[in-house]
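> I would like to see how this sequence folds:
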Amino acid sequence: MSHDNLQGSKQEQGKQSSSQKMTASLQESMSYMKTHMAPDVSFDVVYRVIDVGGKQACIYFIDGFCKDELMMKILQYFISLTPEDMPESAYEMAKKATPYVEVDLKDQWDDIIYNILSGVFALFIDGYDRCVLLDSRTYPARSVSEPDKDKTLRGSKDGFVETVVFNTALIRRRIRSTELRMEMMNAGKSSQTDIVLCYMDNRVDHAFLDKVKKRIQNIKVDALTMNQESLAECLYQRMWFNPFPKFKFTERPDVAAAQVLEGDIVILVDNSPSAMIVPTSIFDIVEEADDYYFPPVTGTYLRLTRFLISILTYIMTPTFLLLMQNPQWVPESFQFIMLQEESNIPLIAQFLILELAIDGLKLAAVNTPNMLSTPLSVMAALVLGEFSVNSGWFNSEVMLYMAFVAIANYTQQNYELGYALKFMRIINLILTAIFGIYGYVGAIVLFLLSIVFNKTLSNKSYIYPLLPFNFRQLAKRLLRLRLPDAKQ
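Sure, this is the predicted structure:
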């Protein structure tokens, strides 16, 4: 089946060991369906009793999940069957007498109901002890257009969507290898959310793969309410207070395919338009697609620039605060960085207020209709910019450095990394304001320790190849070298 065949012969997670088996009686099957599916209560659970080759039969499907034209043709075929045409068993009915490719047979009620709720068309025939399942489903889906966040100047312009089958097809289109595996699992007692593990069988770390599978199988939750975030919190439960991201997320199929080819595991969750990549180090997170869509020199420049700007976003405002507390440390040639006007509010308060205000503007931008975004931007620039300085609330130098930090945060594609740097910057500001140079140095040490002692999902170093040191791999991470197959 187009969606069910992805599951293949998988064993459903969370299935009760005492799963009931259907009988050959149509009345008993309809009674079971009435009790568990409540088609008379739920309007979208559709059933119809028909006659198939002289036998009574009943069809069940979810309204909105089936292709109407295709189902009409299949239904016409079933109704047109004569008693002479009817096979003796459900197996022959499914494999020989049904003019459709994606056909399956199930006799366990858990399997049958799971398939119906997933959108599969179910046919029960009196005298057959197995249900005939036809995968004619179609899900509401948007187009695979380029994602708003993961944009590139060059490269493909398609992106993942909320339908997991489309996402697997986008990866399969890029990797035409018999080693590519798309293994289906599910989690959540009520949601039964589909989870697909994508990996290259000859390149993946199979010990780590087994570890990921066992963790997914052992997830005991009612539903993955927030899709990938819920799954991420179930997979990685230690050191929740460390803000640095443990996973890399991408909405680009080309990035996901590249990571699969490098031996990583890509996890796709149904109803989520992004892929989760594991294991992930800090160097993986700061990489972007544009690094590889430009020549090596340009790609190296972009990557190093991103590294440098990330460091500046963390260290710029605490360093300025430290220098303002110790003006004697500022060389005479750099006296222009000193405050030109008297500060009415302590600098630490100004920085913390602006940190909060920037996030407030972000939230306002997210919830602002497109037609009002331009006037809101103008109001924010005038009121919060010029007027806030003229009113004496903020110094112009503070506004300048915070404006740089706010804009520079967007050089990082990863939201979690941006907020990790923000939290560490706020800690540095507070410690510097209280303890001076000792607080400044201590905050930097805390920043480095948070990165060093962070662990990937595979329990390996978060800063490999820096620790343990591997010069060749480190050069590959910092510099955009020529692709191996491009060398002569």
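
> If I follow the layout properly, G119 ends up in contact with F65?
Yes. With contact defined as CB atoms under 8 Å, G119 reaches F65; the gap is 3.1 Å. For every residue, glycine as well, the C-beta is placed using N, CA and C.

> can you list residues touching both of these two?
R137, T138, Y139 (CB atoms under 8 Å, 6 or more residues apart in numbering).

> Identify the residue spatially nearest to the first one, adjacent ones excluded.
Leaving aside its chain neighbours, R137 sits nearest to G119 (3.4 Å; criterion: CB to CB, 6 or more residues apart in numbering).

> what's the pLDDT at that neighbour?
We have a pLDDT of 90 for G119.

> I'd like the next helix or strand past the helix or strand bottoming out on mean pLDDT in the chain.
Lowest mean confidence among the helices and strands of the chain (mean pLDDT, DSSP states H and E): helix 4-7, at a mean of 41. Sequence-wise, the next helix or strand downstream of helix 4-7 (DSSP states H and E) is helix 26-37.

> quick one: buried residues of that next one?
Counting neighbours by 16 or more other CB atoms under 10 Å, one finds that the buried residues in helix 26-37 are L26, S29, M30, Y32, M33, M37.

> so what does that helix touch, helix or strand wise?
strand 45-52, strand 55-62, helix 109-117, strand 121-125 (3 or more CB pairs under 8 Å, 6 or more residues apart in numbering; DSSP states H and E).

> Okay, now the sheet partners of the shortest one, with direction.
Yep, that's strand 121-125 we're talking about. Here strand 121-125 is paired, per DSSP bridges, with strand 55-62 (antiparallel), strand 131-134 (antiparallel).

> Ok, the first one next?
Under the criterion DSSP bridges, strand 45-52 sits next to strand 55-62 (antiparallel) in its sheet.

> residues in contact with the partner strand?
By CB under 8 Å, 6+ apart, strand 55-62 touches 26, 29-30, 33, 37, 39, 44-51, 71, 75, 78, 86, 116-117, 119-127.

> same deal with stretch 229-237?
So stretch 229-237 is contacted by 187, 195, 212, 215-216, 219, 221, 223-224, 240, 246-247, 267, 269, 276, 278, 457 (CB under 8 Å, 6+ apart).

> again, only using 6 Å
R215, I219, L224, K246, F247, V269, L457 (CB atoms under 6 Å, 6 or more residues apart in numbering).

> Can you tell me the SS state at the residue lying farthest from the centre of the chain?
Distance from the C-alpha centroid of the chain peaks at E84, with 52.6 Å (CA atoms, centre = their mean). For E84, the secondary-structure state derived from DSSP: H, G, I helix; E, B strand; the rest coil is coil.

> What number of neighbouring residues does the residue nearest to R137 come out with?
When neighbours are counted by other CB atoms under 10 Å, G119 registers 18.

> sorry, back to before: select, out of the strands paired with strand 121-125, the one closest to G155.
With CB to CB as the measure, strand 55-62 is the member of the strands paired with strand 121-125 nearest G155 (37.4 Å).
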